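Student: Based on what follows, work out the 3D shape:
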Amino acid sequence: MSTETRLKKLRGSGGYIMASVTDEQQVKGNLGGPDLFLAPIGRLDSEIITKHFCNTCEKEFEGSPKIEFENPNEEVAENLILAEKGQYICNSCNASIAEYREFKKQDEQVEVGSAKPLDPQIQSTPQEAAASTASTPQEATTQPGPVTSITSIEGKTVYDENANKIGTAKQVGIDSTQSMVIVITKNDGAEGSIPWSSIKKIGEIILLGNPEEANPGKCSSCGFTNKEGSKFCEECGNRI
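Tutor: I've put the predicted structure just below:
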């Protein structure tokens, strides 16, 4: 994989940053939608961050936000350690732009257990997706995208691809492979989890199924949706 860096917009729950990242980091930040997210990438060197935008200030600033982190080395599941947690903080108002968690295996030789969900008070995910209105499972109209907050997912009814209710969304967590999941309370009261990749659409409900096919104008490099017939991406300039 190429080590060349490209300037990209990386989104967080409270804003975004512009940073020069490698292809490998872009892969980490790609959660299936058109945008890249900061949470899965983790801590970046402040020197590669050129700008940051704070939703609270509603303003873009030059340079890097403050980056604060700690290393709790806390066991959150069998053979899974929370090695580092941190956040990107606006220099102006001290609001959180993004948070991240980094995990490691305690023993690579044994099977990894299931990670417990993150505390909903400190979550920031990757999959902050766009919320839109819908009144029934068939009417859910928005795919998981960049602006759905964690709190907007909590409490939503979850339906499978056949429009059968299977439970209620509780919170977003990370499993033993460090992949995003939605923790749900099933109809029988038991707790379960669903891979984020299994979500088709999010509206007033969460609908499971295969994500919708990308349209012909979608850029294969940055995921930006261009006008039909465009030959070059309006976001990154790459040939479509």
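
Student: for the helix or strand hosting Ala169, packing partners?
Tutor: For Ala169, the host element (DSSP states H and E) is strand 165-174. In terms of contacts (3 or more Cβ pairs under 8 Å, 6 or more residues apart in numbering; DSSP states H and E), strand 165-174 is packed against helix 150-153, strand 157-159, strand 180-186, strand 191-195. C-beta here means a position set from N, CA and C on the backbone, and glycine is covered the same way.

Student: can you do 6 Å?
Tutor: strand 157-159, strand 180-186 (3 or more Cβ pairs under 6 Å, 6 or more residues apart in numbering; DSSP states H and E).

Student: Sheet-wise, list the partners of the shortest one with their directions.
Tutor: Sheet neighbours of strand 157-159, with direction, are listed as strand 165-174 (antiparallel), strand 205-208 (parallel) (DSSP bridges).

Student: Relative to the whole chain's centre, how far out is that strand?
Tutor: 20 Å (Cα atoms, centre = their mean, to the nearest Å).

Student: swap in the longest one?
Tutor: Averaged C-alpha coordinates place strand 180-186 at 15 Å from its chain's average position (Cα atoms, centre = their mean).

Student: Report the angle between that strand and strand 191-195.
Tutor: Interaxial angle of strand 180-186 relative to strand 191-195 (axes from the mean of the first three to the mean of the last three Cα atoms, to 10 degrees): 140 degrees.

Student: Would you mind putting the CA coordinates of stretch 54-68 into CSV?
Tutor: What follows is stretch 54-68, C-alpha atoms only, in CSV (Å, rounded to 0.1, in the frame of the first residue of the first chain):
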residue,chain,number,x,y,z
CYS,A,54,-15.5,23.3,15.6
ASN,A,55,-19.2,22.8,15.4
THR,A,56,-19.7,24.8,18.7
CYS,A,57,-17.8,27.8,17.4
GLU,A,58,-19.1,27.2,13.8
LYS,A,59,-15.8,28.3,12.6
GLU,A,60,-12.7,26.9,10.9
PHE,A,61,-9.3,27.6,12.4
GLU,A,62,-5.8,27.3,11.0
GLY,A,63,-3.5,24.6,12.5
SER,A,64,-4.2,21.7,14.8
PRO,A,65,-6.6,21.5,17.7
LYS,A,66,-5.3,20.4,21.1
ILE,A,67,-4.8,16.7,21.4
GLU,A,68,-5.1,15.2,24.8
